[in-house]
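J.: Let's see this in three dimensions:
(chains A, B and C)
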Amino acid sequence: MIESALVWFRRDLRLSDHAALSLALHSARRVYCVFVFDSDILSALVGVGQTYDRRVEFMLESVRALRVTLRALNGELIILHGKAAMTIPSLASRLSVDAVFANRDYEPDAQSRDRAVLDALSKDGRTLVETKDHVIFERHEIISTDGLPFRRFSAYARMWRQRLGVDDLGEHVVEDEVTRWAAPPPHLATELPTLTQLGFAQSNLAELGIPIGAAGGELLLRNFLPRMADYASSRDFPGQDGTSQLSMHIRFGTVSIRRLVRCARERPSMGADAWLQELIWREYFQMLLAHQPELATEPFLQAFRGWRYLDDAAGFEAWCTGQTGYPMVDAGMRQLVQTGFMHNRARMVCASFLSKHLLIDWRLGERFFARHLNDYDLASNCGNWQWAASVGCDAQPYFRIFNPEVQSRRFDPEGHYLRRYLPELADVPNDAVHAPWKMSRNQQSATRCLIGRDYPAPIVDHQAARERALSALASVSKSR
DNA sequence: TGCGGTTTGGT
DNA sequence: CCAAACCGC
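T.: Have a look, this model is predicted:
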């Protein structure tokens, strides 16, 4: 038992089932809690010209909620704004704690930050205790018999499921040790910065009605549980409420991943199984990136490293603004920019369109998603973009090219999703809404959707773009 | 979570 | 003759 500990909250903004907090409370007589608005991360966002960011607001409000919950248990949350690599060691020193506890973060930038924190702490004889919390299995726990990471998701998922036992899902209880909180010295800040102080303007997050904080995550989970059995069939339809809506909460740790897996296992069904499979995909990509940090910017397949994509500024602009002329692509992109979310079916179609139909570098698309996605996660985003671009680990075969019109007909037959984000298609009937360019001029007038005026003509012809992509990708694939 | 061709098994 | 299954890119 050590005398005192500091728990550093990062992307784990909850109190329940929290590995680092639980371990600290069971190891130290006095426990302090801190959250740092990391100026390195925030200024990087501002540096690329962001004036608003829904995630910063989500984080701010979730930290506020965390502080409320802590105070209700007679605890307190120290709140700092600065470079975490410097403020954490200096806070540890001011509080004279024996150790800092944090849940391990596997992203390359977080790894180097945490190494710097560890170095600084060690110089003063302190330690950084890192715990497993964000995943069920870390990168060395699920590997093939040759000691290397699995290159096929199916093999990885099979072992993941075989290995899973009750011990892996145990709750990291904190509620039984709430008497151990230490009151921070009065001169330490416990006030939240304002959005303006953090350097951001207000976004439309409040209008979107996304439940925030650990209570918000719990609310969404309870909303999903009765729908979970239908997940396998309903998740593919972007016009339906079939997905869990939990991705942002998984990203910020306002819900525990162990709790989610427990929920899936306690309610066996096709839907629960399909949902668990998606959670395993997440861990697969986390594991891959942890093994190979360069996958954040380089494709897994060597043959595509240094591959020259097309330089098509106009095409990229049309894609970003949802003006490609393909309704499923445009609806997805406009949903992304307007709400910070995009249904997964649309993500696949949009990613495929950029990398195959336009032959634009998947990294440009990855960066655009990074800028806008509320649930943005480096490992999942890079992994899925590489999958869609057919340059990744266990990627989609290069010859499988989504037809945006067919995807639209199959997964949004009534056009509900399309019309929600494309008001110019409001009067276009179902049989034409997936391919409005096929309407006659008379039909265009009658439905108040003149192609080229109210809604763009397709910027590329599907058939021609498909053949161009096939020959370009085939030449690379054959050369390796 | 492709597409366009051929095979197959039913009528 | 039809549609589902199957095959290779």
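J.: Which single residue of the stretch 1-150 of chain A ends up nearest DNA strand B?
T.: Closest residue of the stretch 1-150 of chain A to DNA strand B, CB to the nearest atom of the strand: residue A:150 (16.1 Å). Backbone N, C-alpha and C define where each C-beta goes, glycine included.
J.: And for chain A?
T.: For chain A, CB to the nearest atom of the strand, closest residue to DNA strand B: residue A:403, 2.4 Å.
J.: Quick one: residues contacting that residue.
T.: A:462, A:466 (CB atoms under 8 Å, 6 or more residues apart in numbering).
J.: Quick check: nearest residue in space to whichever residue of the stretch 301-450 of chain A sits closest to DNA strand C, chain neighbours excluded?
T.: With CB to the nearest atom of the strand, the shortest gap between the stretch 301-450 of chain A and DNA strand C falls at residue A:399, namely 4.1 Å. Counting by CB to CB, 6 or more residues apart in numbering, residue A:399 lies nearest to residue A:470, which is 6.1 Å off, once chain neighbours are set aside.
J.: One more: residue A:412?
T.: In space, residue A:412 is closest to residue A:239, 5.1 Å off (CB to CB, 6+ apart).
J.: Same question for residue A:197.
T.: Residue A:197 sits nearest to residue A:81 (CB to CB, 6+ apart), 7.2 Å away.
J.: Am I right that that neighbour sits in a strand?
T.: Yes. Per DSSP: H, G, I helix; E, B strand; the rest coil, residue A:81 lies within a strand segment.
J.: any idea how far residue A:348 is from it?
T.: In this view, residue A:81 and residue A:348 are 38 Å apart by CB to CB, to the nearest Å.
J.: And these two? Which one has more around it.
T.: residue A:348 (19 against 16; other CB atoms under 10 Å).
J.: tell me the contacts of the residue nearest to the more buried one when sequence neighbours are not counted?
T.: In this structure, residue A:348 finds its nearest non-sequential neighbour in residue A:388, 6.1 Å apart by CB to CB, 6+ apart. Neighbour list for residue A:388: A:348, A:351, A:352, A:355, A:362, A:395, A:396 [criterion: CB under 8 Å, 6+ apart].
J.: Below-threshold pLDDT in the stretch 151-300 of chain A: ranges please.
T.: A:177-178 (pLDDT under 70).
J.: which residues in it form helices?
T.: Counting by DSSP state H, counting those that start in this stretch, the stretch 151-300 of chain A has helices at residues A:153-163, A:195-198, A:205-208, A:213-224, A:231-234, A:247-252, A:257-266, A:270-291.
J.: The fifth one vs DNA strand B: in contact?
T.: When you say that, I think you mean helix A:231-234. No. Helix A:231-234 lies out of reach of DNA strand B by CB under 7 Å from any atom of the strand, never closer than 9.7 Å.
J.: Then the first one?
T.: No. Against DNA strand B, helix A:153-163 shows no contacts by CB under 7 Å from any atom of the strand, the least distance being 8.7 Å.
J.: List the buried residues in that helix.
T.: Residues of helix A:153-163 classed as buried by neighbour count (16 or more other CB atoms under 10 Å): A:153, A:156, A:157, A:159, A:160.
J.: which parts of the stretch 101-250 of chain A sit against DNA strand B?
T.: The interface of the stretch 101-250 of chain A toward DNA strand B, taken as CB under 7 Å from any atom of the strand, is made up of residue A:236.
J.: Give me the residues contacting stretch A:354-364.
T.: A:297, A:299, A:309-310, A:312, A:315-316, A:319, A:351, A:365, A:385-386, A:388-391, A:401-402, A:404, A:459-460, A:462, A:465-466, A:468-469, A:472-473.
J.: Restricted to buried residues, select those residues in PyMOL.
T.: With 16+ other CB under 10 Å as the criterion, this PyMOL line picks the buried residues out of the contacts of stretch A:354-364:
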select buried, chain A and resi 299+309+312+315+316+319+351+365+385+386+388+389+390+391+401+402+404+459+460+462+465+466+468+469+472+473
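J.: What about the contacts of stretch A:354-364, which are in helices?
T.: A:315-316, A:319, A:351, A:365, A:385-386, A:388, A:404, A:462, A:465-466, A:468-469, A:472-473 (DSSP state H).
J.: coming back round to it: return the member of the contacts of residue A:388 nearest to residue A:443.
T.: Nearest to residue A:443 out of these is residue A:352 (CB to CB; 28.5 Å).
J.: How about the closest one, nearest residue that isn't a chain neighbour?
T.: In space, residue A:352 is closest to residue A:402, 4.1 Å off (CB to CB, 6+ apart).
J.: and that neighbour, what is it in contact with?
T.: Here residue A:402 is in contact with A:348, A:349, A:352, A:353, A:356 (criterion: CB under 8 Å, 6+ apart).
J.: quick one, strands of chain A?
T.: A:2-9, A:28-38, A:78-82, A:99-103, A:127-131 (DSSP state E).
J.: helices or strands up against the fourth one?
T.: Applying 3 or more CB pairs under 8 Å, 6 or more residues apart in numbering; DSSP states H and E, one finds that strand A:99-103 contacts strand A:2-9, helix A:19-27, helix A:108-123, strand A:127-131.
J.: rerun that using 10 Å as the cut-off
T.: Identification of packing neighbours for strand A:99-103 by 3 or more CB pairs under 10 Å, 6 or more residues apart in numbering; DSSP states H and E yields strand A:2-9, helix A:19-27, strand A:28-38, helix A:84-95, helix A:108-123, strand A:127-131.
J.: how about the shortest one: buried residues?
T.: Spelled out, it's strand A:127-131. A:128, A:129, A:130, A:131.
J.: Leaving out the residues flanking it, which one is nearest to residue A:271?
T.: residue A:231 (3.6 Å).
J.: Could you measure from that neighbour over to residue A:245?
T.: 11 Å.
J.: same deal with residue A:419?
T.: The value you get for residue A:419 to residue A:245, if CB to CB is used, is 21 Å.
J.: Please apply the same query to residue A:473.
T.: Using CB to CB, residue A:473 is found at 34 Å from residue A:245.
J.: list the contacts for residue A:417?
T.: A:237-240, A:327-328, A:331-332, A:335, A:343, A:345-346, A:408, A:411 (CB atoms under 10 Å, 6 or more residues apart in numbering).
J.: if we go to 6 Å?
T.: A:238, A:239, A:331 (CB atoms under 6 Å, 6 or more residues apart in numbering).
J.: Then residue A:5?
T.: Listed by CB under 6 Å, 6+ apart, the contact partners of residue A:5 are A:24, A:28, A:31, A:97, A:99, A:101.
J.: Spatially nearest residue to it (excluding sequence neighbours)?
T.: With sequence-adjacent residues excluded and distances taken as CB to CB, 6+ apart, residue A:5 is closest to residue A:28, at 3.7 Å.
J.: Give me the neighbour count for residue A:458.
T.: That count, for residue A:458 with other CB under 10 Å as the rule, works out to 18.
J.: what about the closest residue in space to it that isn't next to it in sequence, neighbour count?
T.: Computed as CB to CB, 6+ apart, the closest residue to residue A:458 that is not its neighbour in sequence is residue A:325, at 3.7 Å. Residue A:325 has 19 neighbouring residues, counting by other CB under 10 Å.
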